[in-house]
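[1] Pasting the sequence and the predicted coordinates here, then a few questions.
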Amino acid sequence: MKNLVIIIICLHFHLVSFAQIFDDIDHATPFQGDNAAVKKGNQWGFINKKGVLVIDFRNDFVLTNNIDKMGNTAFYPVFKNERCLIRKLIDNTYFYGYINETGKEIIAPTYVNATNFDEGFAIVILPSREVIGYNAVLKKDIISSKLEEF
């Protein structure tokens, strides 16, 4: 009996020591694949099914409109096709890119708009600017700007 009590206590400490306890989480989302988004303040991060924080809390995630089985709507970041949409503010304009499931930036934020990946594809809008001349009166370059959708 004494050995059984010792084994139970050891198993309890063994299981508890591997779980990460989040006591300051504001919101947790359902798992999509191996990860679930968790919110703390204005930042989001991702945990795996063991409860380990695999992507630290950050504020550059793009929130996606998600509808559950009951028809409720919630906005939170998601991984689709192993990519999550992020955005960065550069010169007063948001540019969009993607990270992988380890949090590494795999497509730099260079698009003025982007969608989540779906079946290996995403729609992105890429800006381009080209100097096509010079206005001597105004002493300014003449710029041709265009947006291309891919």
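    Thanks, I have the structure now.
[2] So, low pLDDT: which residues of this structure?
    Within the chain, the ranges that satisfy pLDDT under 70 run 1-23.
[3] And the strands in it?
    In the chain, the segments counted as strands under DSSP state E are 27-28, 35-40, 43-48, 53-58, 64-67, 73-76, 84-90, 93-99, 105-111, 113-114, 124-135, 140-149.
[4] Redo those strands as CSV? Include mean neighbour count.
    Placement of C-beta: from N, CA and C, glycine included. Compiled in CSV, the strands of the chain are given as follows (neighbours: other Cβ atoms under 10 Å):
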stretch, mean neighbour count
strand 27-28, 12
strand 35-40, 19
strand 43-48, 20
strand 53-58, 15
strand 64-67, 12
strand 73-76, 13
strand 84-90, 18
strand 93-99, 19
strand 105-111, 16
strand 113-114, 19
strand 124-135, 11
strand 140-149, 10
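[5] N35 and I143, how far apart?
    Here N35 is placed at a distance of 42 Å from I143 (Cβ to Cβ, to the nearest Å).
[6] likewise G71?
    Separation of G71 from I143 (Cβ to Cβ): 47 Å.
[7] Check G51 too.
    On the measure of Cβ to Cβ, G51 and I143 end up 51 Å apart.
[8] cool, and K50?
    Relative to I143, K50 is positioned 52 Å away (Cβ to Cβ).
[9] ok, now R129?
    Going from R129 to I143 by Cβ to Cβ gives 6 Å.
[10] and what of Y76?
    Using Cβ to Cβ, one gets 38 Å for the distance from Y76 to I143.
[11] and what of I106?
    For I106, the distance to I143 equals 31 Å [Cβ to Cβ].
[12] Show the contacting residues for the residue lying closest to Q43 once chain neighbours are set aside.
    Leaving out its chain neighbours, the residue that sits closest to Q43 by Cβ to Cβ, 6 or more residues apart in numbering is F57, at 4.0 Å. Contacts for F57 (Cβ atoms under 8 Å, 6 or more residues apart in numbering) come out as 40-41, 43-45.
[13] so which of those comes closest to C84?
    Closest to C84 out of these is W44 (9.5 Å), distances taken as Cβ to Cβ.
[14] Show me what that closest one bridges to in the sheet.
    Per DSSP bridges, the residues bridged to W44 are K39, R58.
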